[in-house]
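Chemist: Give me a model of this one.
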Amino acid sequence: MAVATTGQGLRGELGLHSAVPLTRDSLTPWEVVGGGRYPLGRPELFALGGPGLGSAPGTPAFRVLAGVGLDALKGARSATRAPAGLAPPHRPGIEAQRRTTPALHHG
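Modeler: Presented below is the predicted three-dimensional model:
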């Protein structure tokens with residue numbers, strides 16, 4: 001679970017991470033991480049850090065993450081909507097199939 005700010009420039013982020021144990025007697029690890037992201041066009045720099053909570057194996061005392069991310073959708077056009085002023089393409093094969101396919105009725 002995470003919450004983040006939006007907009008231009010530096011953005012904040014706060015997250016709560018856990019894992020699902022595979023046996024009933026296992027302890028559940030938890031981590032709280034907070035930090036920021038700074039966009040540089042499509043790439044963005046990020047840094048996060050926070051404590052591990054609990055005593056489950058693999059739970060860190062403190063975790064730090066830093067890196068570069070790539071916004072794959074930035075500048076991309078929507079695949080589900082035509083640009084303003086353009087109608088969706090006419091597809092006669094699909095329209096004919098819709099007209100000739102019988103509807104299923106449950107009774």
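Chemist: Once you drop chain neighbours, what's closest to residue 53?
Modeler: In this structure, residue 53 finds its nearest non-sequential neighbour in residue 30, 4.1 Å apart by Cβ to Cβ, 6 or more residues apart in numbering. From N, CA and C alone the C-beta is placed, and that goes for glycine too.
Chemist: confidence score at that neighbour?
Modeler: pLDDT recorded at residue 30 is 89.
Chemist: List the contacts of it.
Modeler: Shown in contact with residue 30 (Cβ atoms under 8 Å, 6 or more residues apart in numbering): 16, 17, 18, 52, 53, 54, 59.
Chemist: what lines up beside the stretch of helix or strand residue 51 belongs to in the sheet?
Modeler: Element membership for residue 51 (DSSP states H and E) is strand 43-53. Here strand 43-53 has these sheet partners by DSSP bridges: strand 30-39 (antiparallel), strand 62-70 (antiparallel).
Chemist: what comes up buried for it?
Modeler: By 16 or more other Cβ atoms under 10 Å, the buried positions in strand 43-53 come out as 44, 46, 48, 50, 52, 53.
Chemist: I'd like the contacts of residue 30 as a markdown table, with pLDDT appended.
Modeler: Shown next, in a markdown table, are these (pLDDT from 0 to 100):
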| residue | pLDDT |
| --- | --- |
| 16 | 92 |
| 17 | 88 |
| 18 | 88 |
| 52 | 92 |
| 53 | 91 |
| 54 | 87 |
| 59 | 87 |
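Chemist: I appreciate the help and will end here.
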